[in-house]
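> Okay, here's the prediction I keep looking at, along with the sequence it came from:
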Amino acid sequence: MSFHDTAEDLHQEEGNILMWLLVWAELAVFGALLFGFMLQGLRNPAGFAAGKALLASRIAGFNTVVLLLSGWQAAQAVLPERSRFFRRIHFLAAGLLGLVFILLKLFEYAGEWQVAARGGSEVFWQLYTLTTGFHLAHVVFLSGLLLWFAWRPGRSGAALAVILWHVTDLVWLAIFPIIYLS
């Protein structure tokens, strides 16, 4: 299978019902997590305000840019006019930017967990860690997959990986304002 076949597979994969079920299931799970986060925030506004005040919002903001740049690189990788070399470069850049996101998130967690361990706002920290940790697990898996496509670019499924990467971007674009900015 050539790279051109991989890009053309995007159109075939767009109609794949199992792929869209996966996408909607992911959005539903994250939607439920964020709804729970917002609901608990309404039930305990002081605790959630205290927890949010301790978050590293600047790191999260920078990570938003990193993730969007990675998504752009992933989108470039499946364009049919890209040569095999440039597809590899774009997949590599997307995967490496995903790794940057992971490292920054782990750095952010390290500082936040020290503060969270002091007590107070337990529900906030539990929901925050569950939601952002579940997102981080997706980023870890999909970054590895994008790097695999950089190494083995002619494999089918690249378009599906890019679609799932964009779903992960979309989820972060909901997580960021709800958790960090509200």
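Great, that's in hand.
> mind checking the SS state of residue 85?
Three-state call for residue 85 (DSSP: H, G, I helix; E, B strand; the rest coil): helix.
> From residue 152, how far out is it?
14 Å (C-beta to C-beta, to the nearest Å). C-beta here means a position set from N, CA and C on the backbone, and glycine is covered the same way.
> Tell me the spatial nearest neighbour of residue 29, not counting adjacent residues.
residue 134 (7.6 Å; C-beta to C-beta, 6 or more residues apart in numbering).
> which ones are touching that neighbour?
Residue 134 sits next to 29, 30, 33 when contact means C-beta atoms under 8 Å, 6 or more residues apart in numbering.
> Show the average pLDDT along whichever strand or helix holds the first one.
Read that as residue 29. Take DSSP states H and E as the rule and residue 29 turns out to sit in helix 17-43. Here helix 17-43 scores 93 as its mean pLDDT.
> on contacts alone, who are the packing partners of that helix?
If you count contacts as 3 or more C-beta pairs under 8 Å, 6 or more residues apart in numbering; DSSP states H and E, helix 17-43 packs onto helix 122-151, helix 158-175.
> any idea which of those helices is most buried?
helix 158-175 (a mean of 21; mean count of other C-beta atoms under 10 Å).
> packing partners for that one?
Using 3+ C-beta pairs under 8 Å, 6+ apart: helix 158-175 touches helix 3-14, helix 17-43, helix 57-77, helix 84-116, helix 122-151.
> got TSV for those helices, with distance to residue 160 too?
Output for the helices and strands packed on helix 158-175, formatted as TSV (distance: least, C-beta to C-beta, whole Å):
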stretch	distance to residue 160
helix 3-14	5
helix 17-43	6
helix 57-77	11
helix 84-116	13
helix 122-151	9
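> and residue 170, which of the ones you listed is closest to it?
Residue 170 lies closest, by C-beta to C-beta, to one member of the helices and strands packed on helix 158-175: helix 17-43, at 7.7 Å.
> roughly how far is that closest one from the heart of the chain?
In terms of C-alpha atoms, centre = their mean, to the nearest Å, the centre of helix 17-43 is found 14 Å from the chain centre.
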